[in-house]
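# fold the following.
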Amino acid sequence: LLAESVLLAGAGGVGGLLIGWWGSRLAPALLPDLDFALAVDPHLDGRVVAFTFAASLLAVVVFGLLPARRAAAADPAGELKAGAGAGVGGRGGLRQALVAAQVALSVVVLVAAGLFLRSLAQAQQLDLGFRADEALVFAIDPGLQGYSEEAAAALQERLARRIRELPTVAGVTWADDLPLDGNSSSTPVAPAGSAAAPEEQVTAYYQRVEEGYFAQMEVPLLAGRGLATADLERETEAAVISASLAAALWPGEEAVGRRIGLAGGRGEVVEVVGVAADVKLSWLGEASSPALYFDLRRNPRSKVYFVVRHQGAAAAVAPALRQAVRELDPRLPVLGLGTLRAHLAPAFTPAENGAWLSGAFALLALLLSLSGIYGVIAYGVAQRLREMAVRLAVGASPRRLQWQVLGRALRPLGYGLVAGLVAAVAVSRLLRGLLYGVSPADPLTYTLAASVLVAAGAVAGWLPARRAARVDPAAILRSEA
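Presented below is the predicted three-dimensional model:
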C-alpha cells in the first residue's frame, strides 16, 4: 500500500512540475505593456523542485502511510468473518470529511474566481470620468534631440496646428501625463497659509495640460472655467481642481477664487479658477481623485502625450500623424502610437490577471472536488456490491437504490458547501482592494459558485449511483458464493 502511494504521489509531483513549467511560459503574457521592460525569469529552479518533492513526500506520509498502517493493524479473522463490504459505513466518515474539506476549499476558490470575473466585467464598464473611445495617443520628446523646454513647447504648438489640419481629425490636446498610465505625480496640499497638520493635508495628483484639455477629453467643468491664455499674465498661477479636492479642502463651500498652497499649504500658491469632475487618475478602484491641473505653457515639459480625436478607422489616421511629426523634424521619434484604449490597458491588467489566474485555480479545485466525490462514492459502491445485490434480489427498487447512493454523495457536498460559503465570506473581505464595482459579499457570485458546485457534484455522484442501480444480483451473489 505504501509503495502504491509513493508511485501515485511521485506521478502527481512530476505532473505538477510539468504543469508548472508550462504555466511559467505563460507568465510573460500576463505582464502589462509598459514603456520599460520588466525582467521575469520563467524558469523553474531548485527550490521549486525541492518544494514539489517535499509536497509529494508529505502526501505519501499523510495519505499513504497512515492508511497503510491502519490496514496492517486490521484483525484478519474478524475481517474474513464479516465478509465483503462489511464495516464500510463505519470507516467512511474520514473519507467523507476529506471530501467535505475539498468542497469547502473549492467553494472559496470558486467564489474568489467569480468575484474577479465579475470585477473584470465591471471594470470594462466603469465610468473613467473621461472619454476613451475614438482617440489615438502618442508621445514625443524633443529633448532627446537637444531641444530646450521652451523650444519643445513651440514645436508642440506647431504640431498641434498641423494635426488639426488633417481631414480625419476632430480635435487634439496634449499634456505631460495622462490618466491611468501609471505615471501620476502627487503632492500634499492645503488651503494657502494654513498651518495644517500632516494628517489634515490632502494628497492630490497633478497634471500640466493645455487649455483645451477638458473639452477634448470630455471632462465636465462643474464650476468656474478652464485654463486660459490670459492666466499666463497672472502673478499667481491658475489651476483647475477636481470636485473631490474641492470637497476635501472646502466642504460645502465655493472653491473658485480660493488659493491652495502646495507642499501642505506652505509652498507655492495657486488660485482656483475652475472645478472639474473627478477622473480616475491612478487606478480603477479609487473612490475619489483629488487632482490639480496646471497650464502646461507656464511650465513646459519636453515630453508630452498627444490625444487625437479622429473620425474613421484608427489605422488610417495613424500614418498621417507620423507624417505630421516627420514634416516638423524627421529625427523626432513617435513614441507609443496607438489607441487611447490600448494605452489604458495596463490599468486593467490586475483585473484581467486576477480573473485568469483565479479562474484556472477554480477549475483545478473543482476537478479535485469532483474526483474526490466520485472516488469516495465509487469506492463505497464497490465495497457494498453484495449488500446492493441482496437488496435488489429481494425486490428493492433500482431507482430508490440509485437515489440512496446519490444521497450519500450529496451529504459531504452539503457540509462542505455550508463551511465553504462561511469561509468564503471571511476570505473575500481580503479581496476588497482588488475588486472594481463588486462587493466582496456579492450574492450573485455566491449563488453561481454554489450552483456550479452542486450541479457538478450531483453529476459526479450520479455516475457511481447509476452503476449501483444496474447491479446484476445473480452475478454478484454467484461470485460471493
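
# residue 322 contacts residue 332, correct?
No: here residue 322 does not reach residue 332: they are 10.3 Å apart, not a contact under C-beta atoms under 8 Å. Every C-beta, even on glycine, is put in place using the N, C-alpha and C of the backbone.

# so which of those two has more stuff around it?
residue 332 (17 against 13; other C-beta atoms under 10 Å).

# which SS class is the more buried one?
Three-state call for residue 332 (DSSP: H, G, I helix; E, B strand; the rest coil): coil.

# so how far is residue 124 from it?
In this view, residue 332 and residue 124 are 35 Å apart by C-beta to C-beta, to the nearest Å.

# what's the burial count for residue 202?
20.

# now residue 153
19.

# mind listing what it touches?
By C-beta atoms under 8 Å, 6 or more residues apart in numbering, the residues touching residue 153 are 296-297, 300.

# export those residues to CSV and tack on secondary structure?
Shown next, in CSV, are the contacts of residue 153 (three-state DSSP):
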residue, secondary structure
296, coil
297, coil
300, coil
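
# name the helix or strand of this structure that has the lowest mean pLDDT.
Least confident helix or strand of the chain, by mean pLDDT, DSSP states H and E, is helix 76-82 with a mean of 61.

# packing partners for the helix or strand following that helix?
Once the chain leaves helix 76-82, the next helix or strand it forms, by DSSP states H and E, is helix 93-125. With contacts taken as 3 or more C-beta pairs under 8 Å, 6 or more residues apart in numbering; DSSP states H and E, helix 93-125 sits against helix 345-383, helix 398-428, helix 443-469.

# what about helix 93-125, distance to the chain center?
15 Å (C-alpha atoms, centre = their mean, to the nearest Å).

# for it, which positions count as buried?
By 16 or more other C-beta atoms under 10 Å, the buried positions in helix 93-125 come out as 95-96, 99-120, 122-123.

# over to stretch 446-465?
446, 448-450, 452-453, 456-457, 460-462, 464-465.

# report the two of the residues you listed separated the most.
Pairwise distances across the buried residues of stretch 446-465 (C-beta to C-beta) peak at 28.6 Å, for the pair 446 and 464.

# what's in contact with stretch 142-151?
Residues outside stretch 142-151 that contact it (C-beta under 8 Å, 6+ apart): 152, 155-156, 300-303, 329, 331-333.

# would you mind extracting the C-alpha trace of it into CSV?
Once non-C-alpha atoms are left out, stretch 142-151 reads as follows in CSV (Å, rounded to 0.1, in the frame of the first residue of the first chain):
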residue,chain,number,x,y,z
PRO,A,142,12.1,66.9,-28.4
GLY,A,143,14.5,67.0,-25.6
LEU,A,144,16.0,63.8,-26.9
GLN,A,145,17.2,65.8,-30.0
GLY,A,146,18.6,68.7,-27.9
TYR,A,147,15.5,70.9,-27.8
SER,A,148,15.2,73.2,-24.8
GLU,A,149,11.8,73.1,-23.0
GLU,A,150,10.8,76.4,-24.5
ALA,A,151,11.7,75.2,-28.0
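
# could you report the pLDDT at residue 35?
With respect to pLDDT, residue 35 scores 57.

# render the CA-only coordinates of stretch 385-401 in PDB, please.
What follows is stretch 385-401, C-alpha atoms only, in PDB (Å, rounded to 0.1, in the frame of the first residue of the first chain):
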ATOM      1  CA  LEU A 385     -22.000  -4.600  -4.100                       C
ATOM      2  CA  ARG A 386     -23.000  -7.700  -2.200                       C
ATOM      3  CA  GLU A 387     -25.400  -5.700   0.000                       C
ATOM      4  CA  MET A 388     -26.900  -4.000  -3.000                       C
ATOM      5  CA  ALA A 389     -27.300  -7.300  -4.900                       C
ATOM      6  CA  VAL A 390     -29.200  -8.800  -1.900                       C
ATOM      7  CA  ARG A 391     -31.500  -5.700  -1.700                       C
ATOM      8  CA  LEU A 392     -32.200  -5.900  -5.400                       C
ATOM      9  CA  ALA A 393     -32.800  -9.600  -5.200                       C
ATOM     10  CA  VAL A 394     -35.500  -9.300  -2.500                       C
ATOM     11  CA  GLY A 395     -37.300  -6.600  -4.500                       C
ATOM     12  CA  ALA A 396     -35.700  -3.200  -3.800                       C
ATOM     13  CA  SER A 397     -36.300  -0.600  -6.500                       C
ATOM     14  CA  PRO A 398     -33.200   0.200  -8.600                       C
ATOM     15  CA  ARG A 399     -34.300   3.900  -8.800                       C
ATOM     16  CA  ARG A 400     -34.700   4.100  -5.000                       C
ATOM     17  CA  LEU A 401     -31.300   2.500  -4.600                       C
END
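
# list the buried ones in that stretch?
For stretch 385-401, by 16+ other C-beta under 10 Å, it's 385-389, 391-392, 396, 401.

# now swap in stretch 432-441 and tell me
Taking 16+ other C-beta under 10 Å as the criterion, stretch 432-441 shows 434-438, 440 as buried.

# could you dump those residues into CSV and include pLDDT, distance to residue 73 and secondary structure?
Compiled in CSV, these are given as follows (pLDDT from 0 to 100; distance: C-beta to C-beta, whole Å; DSSP: H, G, I helix; E, B strand; the rest coil):
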residue, pLDDT, distance to residue 73, secondary structure
434, 77, 49, helix
435, 83, 51, coil
436, 81, 56, coil
437, 79, 57, coil
438, 86, 52, coil
440, 89, 47, coil
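
# in CSV, list those along with distance to residue 291.
Shown next, in CSV, are the buried residues of stretch 432-441 (distance: C-beta to C-beta, whole Å):
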residue, distance to residue 291
434, 23
435, 23
436, 19
437, 21
438, 25
440, 28
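
# between those residues, which sits nearest residue 338?
Using C-beta to C-beta, residue 436 comes nearest to residue 338 of the buried residues of stretch 432-441, at 23.1 Å.

# now do the residue nearest to that closest one when sequence neighbours are not counted, the pLDDT please.
Once flanking residues are discounted, residue 436 sits nearest to residue 123: 4.3 Å by C-beta to C-beta, 6 or more residues apart in numbering. On the pLDDT scale, residue 123 is placed at 82.

# give me the distance between residue 123 and residue 349.
In terms of C-beta to C-beta, residue 123 sits 10 Å off from residue 349.

# per-residue confidence at residue 311?
On pLDDT, residue 311 comes in at 88.

# residue 128 too?
For residue 128, the predicted pLDDT is 89.

# remind me which helix or strand it belongs to.
Counting by DSSP H and E, residue 128 is part of no helix or strand.

# start at 200 instead
Renumbered: residue one is now 200, and that last one reads residue 327.

# OK, contacts around it?
Residue 327 touches 378-379, 478-479, 543, counting by C-beta under 8 Å, 6+ apart.

# repeat that for 10 Å
378-379, 416, 418, 477-480, 483, 543, 546 (C-beta atoms under 10 Å, 6 or more residues apart in numbering).

# report the buried members of the residues you listed.
Counted by 16+ other C-beta under 10 Å, these give 378-379, 416, 418, 477-480, 483, 543, 546 as buried.
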